[in-house]
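Asks: Pasting the sequence and the predicted model now:
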Amino acid sequence: MIPELLRGWEAGSDVVLAVRRSRDLSGPLERGLTQAFYRLHNRWAEVQIPRDAGDFRLLDRMVVEALKQMPERHRFMKGLFAWVGFRHSVVEFEVAERHSGRSSFSARARWALAVEGITSFSTVPLRVWSLLGIAMATVALGYGAWILVKTLIFGVDVPGYASLLTAVLLLGGIQLLSIGVLGEYLGRVYSESKQRPLYVVRKRYGAGVGGGG
């Protein structure tokens, strides 16, 4: 595989990915959860990671230097590889069957990696509470309006628990919305704390580049 990666690099790619052709050796549950992770991550996160791409890849020196500019300590490397960009190509390979033993990458470790991947490049989990709060408050207001119409216009006696339920839903929605607002600010603090560079320079052109005077 290494010669194929080198050929991709010689053809002009800065990053050459090693991508599995299939996951036939994995169980159906593992395949389903893996695909679900890729779908969620690529829908929520600010960067898209190629499906079934492993950590094994060839990196040009300037890609390595760009990655070294990332000061964060908790690193989801697949996301960082995608974040720095650069030109990339793909080399497909078949995963050989394991001769003996079992993988030490447990279900708990996979779950931790998935959470790390989503939270490192997305603030959607923080925004969910705002959306849920708005939905609850809207339902409460709609239900309250329906109670008023039913009582004042149609003269139907509405039990007391209905108004109590409306108040609980409305207050719960306002609380979740408030938590969501705090989450928006927290998400910005989280993004700023990573101190990722605003731009990644692929190459410099012009006189004096790299010179001493």
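Replies: Received the coordinates, thanks. Numbers count the residues shown, from 1 in each chain.
Asks: What residues sit buried inside the longest helix seen in the chain?
Replies: If you go by DSSP state H, the chain has its longest helix at helix 160-194. Under the neighbour-count criterion of 16 or more other CB atoms under 10 Å, helix 160-194 has 166, 169-170, 173, 176-177, 180, 183, 187 buried. (Each C-beta comes from the backbone N, C-alpha and C, glycine too.)
Asks: same deal with stretch 13-33?
Replies: Neighbour counts over stretch 13-33 (16+ other CB under 10 Å) mark 13-18, 20 as buried.
Asks: What of stretch 78-96?
Replies: By neighbour count on 16+ other CB under 10 Å, the buried set for stretch 78-96 is 78-84, 86, 88-89, 91.
Asks: For residue 145, state which of those is nearest.
Replies: Checking the buried residues of stretch 78-96 against residue 145 by CB to CB gives residue 79 as the nearest, at 44.9 Å.
Asks: Can I get the strand or helix carrying that closest one in CSV? Just the C-alpha atoms.
Replies: Element membership for residue 79, per DSSP states H and E: helix 77-84. What follows is helix 77-84, C-alpha atoms only, in CSV (Å, rounded to 0.1, in the frame of the first residue of the first chain):
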residue,chain,number,x,y,z
MET,A,77,-7.3,13.6,14.3
LYS,A,78,-9.7,12.7,11.5
GLY,A,79,-11.5,16.0,12.0
LEU,A,80,-8.2,17.9,12.2
PHE,A,81,-7.0,16.3,9.0
ALA,A,82,-10.1,17.5,7.3
TRP,A,83,-10.0,20.9,8.9
VAL,A,84,-6.6,21.9,7.6
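Asks: Downstream of that helix, the next helix or strand is which one?
Replies: Counting by DSSP H and E, the element after helix 77-84 in chain order, helix or strand, is strand 88-93.
Asks: what sits up against the helix or strand following that following strand?
Replies: Per DSSP H and E, strand 88-93 leads on to helix 107-120 as the next helix or strand towards the C-terminus. Contacts with helix 107-120, where a contact means CB atoms under 8 Å, 6 or more residues apart in numbering, come from 33, 37, 40-41, 44-45, 49, 72, 74-76, 78-79, 124-125.
Asks: got the angle between helix 107-120 and helix 160-194?
Replies: 80 degrees (axes from the mean of the first three to the mean of the last three CA atoms, to 10 degrees).
Asks: can you give me how far helix 107-120 is from the chain middle?
Replies: Computed by CA atoms, centre = their mean, to the nearest Å, the chain-centroid distance of helix 107-120 equals 10 Å.
Asks: With that, I have no additional questions.
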